[in-house]
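Chemist: Fold the stuff below for me.
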Amino acid sequence: MTPPAEAEEKDPQFAYTLARGLEVLRAFEGQNAGLGNRDIAAIIGIPRSTVARLTRTLGMLGYLQYDAQTTRHRLSAAMLTLAYPVLAQLPVRQVARPHMQELANHAMGSVSLAMRDGLKLVLIESCVDPKAVTRPDIGAVRDMADTALGMAYLASLAQPDRDALLAELLALRPSAPARTRRLRKLVIQTELQRHASQGFCLSRSEPGATLAVGVPVRLQAGTTLSLNCVVATHLATEKRMTQEIGPRLTRLARDLEISMGHKT
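Modeler: Numbers count the residues shown, from 1 in each chain. As a prediction, the model looks like this:
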């Protein structure tokens, strides 16, 4: 995503205030306790006085709720009305849901479908088994470089696009030790090779509580989604994930592509 200041310099039609308002809303990703104006200013890097005007406006429009006792803001239900049109334009969710639930129950984990948002992935559908240790929900955000979802998306790209995106991802943490960056790149390359030979990518969460496999789902009009299955390590070994769950997830992805009219 182009930083607002840069975009304004390049395009005189760029609405700087609108961009800042959207940044305020994005600051709430993953926040449960609400945010004060000082918190938001620290997250997005703009003056607190500017944040105060933006939160006041967003509150008057109904997109934020203000708690006078805690002096914190929360996203309101009106935000859901902005997301619904996007979800409604993705019929693959309805087609995929029963098959995702079947696999989630079989694996005793969770199965999620995601689409790209800049250098992140956003969940657009998720199904869980009662035994699942992770219960992801629609709208949750996942990293591109550290998850099976993200590596599966990378694997779907043509080499020049993949190299460019990978370079962006590796540059996200410039302060990380060189050895850490090299290991991260090696892990991604290993999983890209796995996808080329086996059709899916594998990831292990830190500190190793879950294992996940991910595959790309290519739809019409050049749209690519990512599909994963996450299982607790006490319920699935790496062998089970690579020999059983991964192939089943790959078949599910191919069936979805055919159902949605993509020519494989």
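
Chemist: When you work out contacts or count neighbours from here on, use the C-alpha atoms and nothing else.
Modeler: Noted.

Chemist: need the strands for this structure, in chain order.
Modeler: 64-67, 72-75, 110-117, 120-128, 141-143, 201-204, 210-218, 224-232 (DSSP state E).

Chemist: Nearest residue to the middle of this structure?
Modeler: The centroid of the chain falls nearest to Leu121 when counting by CA atoms, centre = their mean (2.2 Å).

Chemist: follow-up on the earlier one: let's have the strands of the chain in a markdown table, adding distance to Val51 and mean pLDDT.
Modeler: Putting the strands of the chain into a markdown table (distance: least, CA to CA, whole Å; pLDDT from 0 to 100) gives the following:
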| stretch | distance to Val51 | mean pLDDT |
| --- | --- | --- |
| strand 64-67 | 13 | 95 |
| strand 72-75 | 11 | 95 |
| strand 110-117 | 24 | 96 |
| strand 120-128 | 24 | 96 |
| strand 141-143 | 24 | 91 |
| strand 201-204 | 38 | 95 |
| strand 210-218 | 38 | 97 |
| strand 224-232 | 34 | 96 |
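
Chemist: my guess is His195 meets Ala155, correct?
Modeler: Yes. Assessed by CA atoms under 8 Å, His195 is found in contact with Ala155 at 6.8 Å.

Chemist: Is Leu225 bridged to anything, and to what?
Modeler: Under DSSP bridges, the beta-bridge partners of Leu225 are Met115, Val217.

Chemist: Would you check that my belief about it contacting Ala253 is correct?
Modeler: No. Using CA under 8 Å as the test, Leu225 is too far from Ala253 to be in contact (9.6 Å).

Chemist: quick one: average confidence on the longest helix along the chain?
Modeler: For the chain, the helix with the greatest residue count under DSSP state H is helix 178-198. What helix 178-198 shows for mean pLDDT is 90.

Chemist: what would the strands of the chain look like in CSV with distance to Gly30?
Modeler: As requested, those are arranged in CSV below (distance: least, CA to CA, whole Å):
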stretch, distance to Gly30
strand 64-67, 15
strand 72-75, 11
strand 110-117, 15
strand 120-128, 12
strand 141-143, 8
strand 201-204, 21
strand 210-218, 20
strand 224-232, 19
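
Chemist: and of these, who's closest to Ile40?
Modeler: strand 72-75 (9.6 Å; CA to CA).

Chemist: Contacts for that closest one, please.
Modeler: 25, 28, 33-37, 55, 63-67 (CA atoms under 8 Å, 6 or more residues apart in numbering).

Chemist: hey, where'd the helices end up in this structure?
Modeler: 4-10, 16-26, 37-44, 48-60, 78-88, 92-107, 148-156, 159-170, 178-198, 238-240, 246-259.

Chemist: for the longest helix of the chain, the distance to its chain's centre please.
Modeler: Centroid separation for helix 178-198 versus its chain: 19 Å, with CA atoms, centre = their mean, to the nearest Å.
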